[in-house]
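**Q** Fold the following.
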Amino acid sequence: MKRLLTIAAAVLALCLSVSAQAQDKSAKAAADLQKMVGAWNFEMDNPMGGEPLTGIINFVKDAKGVHFEMGSDELGKMVSDPFKPEASGKSSTVFTVKEYDVDVLCYLELKDDGSVKMTMESSGLVMEPKLTPVKK
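**A** Down below sits the predicted model:
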């Protein structure tokens, strides 16, 4: 019985530790989102072939949270749902490319060097555009 209680206590301590680490990463992701607010240059290979896709992506903070706005002549204006910080340390959102009626899952992660890793996934296609801050 004593051994069972010891094992149960160890499992509980491990669960609490993992939960605290997840909360720390989620809080860091939420704080990192605030650092991303502003304009960023966007560049990535065109998944349909042809010239690379380039433009400006704006991370905007409003009453609902941080979301992005970007647009192009080909695809029109795209606005994401607010980002949600996750226990992984990343933040995620979804946006729709209306031209193709496709939802895209998007992850953001602020790296230690100040760069942003953005990953977009849709229908098995994974895209990772390069983001650099727009100099003021």
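**Q** what ranges do the helices span in the chain?
**A** Taking DSSP state H as the test, the helices found in the chain are 2-36.
**Q** what ranges do the strands span in it?
**A** Ranges of strands in the chain, per DSSP state E, are 38-44, 53-62, 65-72, 76-79, 84-85, 91-97, 102-110, 116-122, 125-127, 130-133.
**Q** possible to save the ones you listed as a markdown table with distance to residue 32, mean neighbour count and mean pLDDT?
**A** The C-beta positions use only the backbone N, C-alpha and C, and glycine is treated the same way. Shown next, in a markdown table, are those (distance: least, Cβ to Cβ, whole Å; neighbours: other Cβ atoms under 10 Å; pLDDT from 0 to 100):
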| stretch | distance to residue 32 | mean neighbour count | mean pLDDT |
| --- | --- | --- | --- |
| strand 38-44 | 13 | 16 | 90 |
| strand 53-62 | 11 | 15 | 90 |
| strand 65-72 | 10 | 18 | 86 |
| strand 76-79 | 21 | 12 | 80 |
| strand 84-85 | 8 | 18 | 92 |
| strand 91-97 | 7 | 17 | 89 |
| strand 102-110 | 4 | 17 | 90 |
| strand 116-122 | 9 | 17 | 90 |
| strand 125-127 | 21 | 12 | 89 |
| strand 130-133 | 13 | 15 | 89 |
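**Q** As TSV, those with distance to residue 29 would be great.
**A** Output for those, formatted as TSV (distance: least, Cβ to Cβ, whole Å):
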stretch	distance to residue 29
strand 38-44	17
strand 53-62	14
strand 65-72	11
strand 76-79	21
strand 84-85	4
strand 91-97	5
strand 102-110	8
strand 116-122	12
strand 125-127	20
strand 130-133	16
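**Q** Lovely, talk soon.
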